[in-house]
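Colleague: what's the 3D shape of this:
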Amino acid sequence: MTSGAPAQPAGPRPRPVPGRTIPAQAPRSGAPVQTIRQPFPRVSPDVGAPPPGGPVNTAAPGIVPPGAAPSTPAPLPQAGLAHSAGADDAVVLTQDLTKTFGKRTVVEGLNLVVPRGSVYGFLGPNGSGKSTTMKMLLGLLAPTRGRISVLGRPFTPATRAEIMSRTGSMIENPPGYGHLTGAENMRIAAKMQGLSDQQVSRALALVRLTEHKDRLVRTYSLGMKQRLGIALALAREPELLILDEPTNGLDPAGIEEVRRLLVELAGEGVTVMVSSHLLDEIDRMASTLGILSAGRLVFQGTRAELMERSVPDILIVTPTPQAVLDPQVLAGLVPSQAPGQAASTAAPGAAGPADPAAGPVLTAQGVRIPGLSKEAVAELISRLAAAGVELHEVRREAQSLEDVFMDLTGRGGVL
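Modeller: Residues are numbered from 1 along each chain as shown. Model prediction:
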């Protein structure tokens with residue numbers, strides 16, 4: 001790095017004895033010290049630092065050496081990051097993070113809050129800007145504007161080396177030299193980062209590559225290459241793990257193992273940020289969700305908060321649906337329709353939530369009404385009973401995470 005030596009921590013980190021239970025570092029928020037089981041001895045961030053003559057470019061493709069810096073450092077002002085509730089103990093914070101390529105805006109105005117010790121599921125359709133965002137968090141791309149804080153430090157060229165020494169990552173394509181074996185690729189990374197043979201062996205074992213470590217990487221399947229990339233990211237025992245589509249190419253057993261591994265790491269205090277377009281996988285592992293659509297963050301929070309804020313349709317089962325559509329019954333509860341406009345009819349077999357702006361929809365069972373609150377449903381039932389309308393059933397239609405996701409990303413809605 002040409003801008004000067006990177007800032008180092010106040011003192012070296014202790015090197016715990018492998019397998020011994022040691023006290024974990026207390027979070028910056030002042031939470032009490034807990035004891036955790038350390039899978040690897042942690043190394044000091046200055047171990048394996050580049051020699052005075054400059055960094056040695058011997059890392060496997062996709063591995064970011066601690067002392068490396070992007071060719072164009074991100075000129076980020078760092079004062080005044082906006083904090084939301086819970087942001088004081090966040091591992092990743094961004095404010096107005098934006099990236100443009102020419103006249104095309106790929107990521108716009110992101111305000112991310114990744115809680116410490118969580119699995120943060122970064123969801124979005126292909127091309128929504130997930131990989132671009134992760135590259136900016138790792139310093140691989142310079143933001144057009146915005147501010148970034150990682151692990152409690154403002155992300156600048158001076159702090160990048162320290163932050164990267166505490167971060168593991170795999171972005172887009174799995175790393176590795178094809179003409180070398182898996183073990184040889186791991187040894188290159190270990191030499192660059194000052195890791196022990198025990199750390200390398202444990203990382204390979206965690207991703208089930210021990211028996212394949214002596215094979216050339218070019219003979220690996222896509223799933224095996226993915227596992228090698230995860231092993232390279234895990235070997236340094238990071239505090240923050242950033243993985244872009246880590247289950248891509250894995251069989252069901254491999255997906256389950258990666259999911260279980262990430263949840264276990266979060267339980268040990270590692271913060272995991274994982275991107276995917278597979279809703280089911282993220283739903284099973286993530287404690288916090290961030291949904292990206294066309295470069296914009298359309299939702300951020302827990303799954304429960306997402307489901308609460310997306311109101312499922314009400315289905316009224318009745319033999320007299322036209323009585324439900326009486327304007328006097330619906331007055332003030334649904335958007336008024338233009339004179340002469342009738343309720344729409346759902347196509348046979350249609351699934352998914354209706355558009356609230358479209359109003360009630362006739363179905364084979366009765367009437368489906370979108371966007372009604374609990375209070376509005378209670379009032380509607382009271383009016384229908386007073387009008388003598390025969391009601392067989394009134395219920396919320398089942399709504400999956402996929403329904404909500406498609407409603408947000410496919411229909412352009414913002415929660």
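
Colleague: buried residues, the strand ranked longest in the chain. List them.
Modeller: Counting by DSSP state E, the longest strand found in the chain is strand 90-101. For strand 90-101, the neighbour count (16 or more other CB atoms under 10 Å) marks Ala90, Val91, Val92, Leu93, Thr94, Gln95, Leu97, Thr98, Lys99 as buried. C-betas here are computed from N, CA, C, even on glycine.

Colleague: pull it out as CSV, backbone CA atoms only.
Modeller: Written as CSV, here are the backbone C-alpha positions of strand 90-101 (Å, rounded to 0.1, in the frame of the first residue of the first chain):
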residue,chain,number,x,y,z
ALA,A,90,-23.4,-3.7,14.2
VAL,A,91,-20.5,-5.3,12.4
VAL,A,92,-21.3,-3.7,9.0
LEU,A,93,-22.8,-0.2,8.6
THR,A,94,-23.3,1.7,5.4
GLN,A,95,-24.9,5.1,4.7
ASP,A,96,-26.1,6.1,1.2
LEU,A,97,-23.8,3.5,-0.4
THR,A,98,-24.0,4.0,-4.2
LYS,A,99,-22.1,2.7,-7.2
THR,A,100,-22.5,3.8,-10.8
PHE,A,101,-20.8,2.6,-13.9
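
Colleague: that one pairs with which strands?
Modeller: strand 104-110 (antiparallel), strand 113-115 (antiparallel), strand 145-150 (antiparallel) (DSSP bridges).

Colleague: what's in contact with it?
Modeller: Strand 90-101 is contacted from outside by 80-83, 87, 105-116, 120, 129, 132-133, 136-137, 141, 143-152, 239-240, 271, 273, using CB atoms under 8 Å, 6 or more residues apart in numbering.

Colleague: quick check: ChimeraX command selecting the buried ones in those residues.
Modeller: To isolate the buried members of the contacts of strand 90-101 in ChimeraX, using 16+ other CB under 10 Å:
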select :81,87,105,106,107,108,110,111,112,113,114,115,116,120,129,132,133,136,137,141,143,144,145,146,147,148,149,150,151,239,240,271,273
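
Colleague: show me what contacts Tyr120?
Modeller: Val92, Val114, Thr271, Val272, Met273, Val274, Ala286, Ser287, Thr288, Leu289, Gly290.

Colleague: quick check: beta-bridge partners of the nearest residue to the second one once chain neighbours are set aside?
Modeller: Once flanking residues are discounted, Val114 sits nearest to Val92: 3.8 Å by CB to CB, 6 or more residues apart in numbering. According to DSSP bridges, Val114, Val150 are recorded as the beta-bridge partners of Val92.

Colleague: and Val92, how far is that from Asp403?
Modeller: Plainly put, Val92 is 28 Å away from Asp403 if you go by CB to CB, to the nearest Å.

Colleague: quick revisit: could I get the strands paired with strand 90-101 as JSON lines with mean pLDDT and distance to Lys225?
Modeller: JSON lines is the format used below for the strands paired with strand 90-101 (pLDDT from 0 to 100; distance: least, CB to CB, whole Å):
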{"stretch": "strand 104-110", "mean pLDDT": "94", "distance to Lys225": "26"}
{"stretch": "strand 113-115", "mean pLDDT": "94", "distance to Lys225": "26"}
{"stretch": "strand 145-150", "mean pLDDT": "94", "distance to Lys225": "27"}
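
Colleague: closest to Ala233 out of the ones you listed?
Modeller: Of all the strands paired with strand 90-101, strand 145-150 sits nearest to Ala233, with 15.4 Å by CB to CB.

Colleague: strand partners (parallel or antiparallel) of the helix or strand just after that closest one?
Modeller: As assigned by DSSP states H and E, the chain's next helix or strand after strand 145-150 is strand 153-154. In the sheet, strand 153-154 lines up against strand 145-150 (antiparallel) (DSSP bridges).

Colleague: and the strand it pairs with, C-alpha only, in PDB?
Modeller: Taking C-alpha atoms only, strand 145-150 is exported to PDB below (Å, rounded to 0.1, in the frame of the first residue of the first chain):
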ATOM      1  CA  ARG A 145     -20.500   7.900  -2.900                       C
ATOM      2  CA  GLY A 146     -21.400   6.700   0.600                       C
ATOM      3  CA  ARG A 147     -19.800   5.700   3.900                       C
ATOM      4  CA  ILE A 148     -18.800   2.300   5.200                       C
ATOM      5  CA  SER A 149     -17.900   1.000   8.700                       C
ATOM      6  CA  VAL A 150     -16.800  -2.600   9.200                       C
END
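
Colleague: off-centre distance for that strand?
Modeller: In terms of CA atoms, centre = their mean, to the nearest Å, the centre of strand 145-150 is set 17 Å apart from its chain centre.

Colleague: which of the contacts of Tyr120 sits closest to Pro125?
Modeller: Of all these, Gly290 has the smallest distance to Pro125: 13.7 Å, by CB to CB.

Colleague: any idea which element the closest residue to that closest one other than its chain neighbours lies in?
Modeller: In this structure, Gly290 finds its nearest non-sequential neighbour in Gln300, 4.7 Å apart by CB to CB, 6+ apart. Using DSSP H and E, the element containing Gln300 is strand 296-301.
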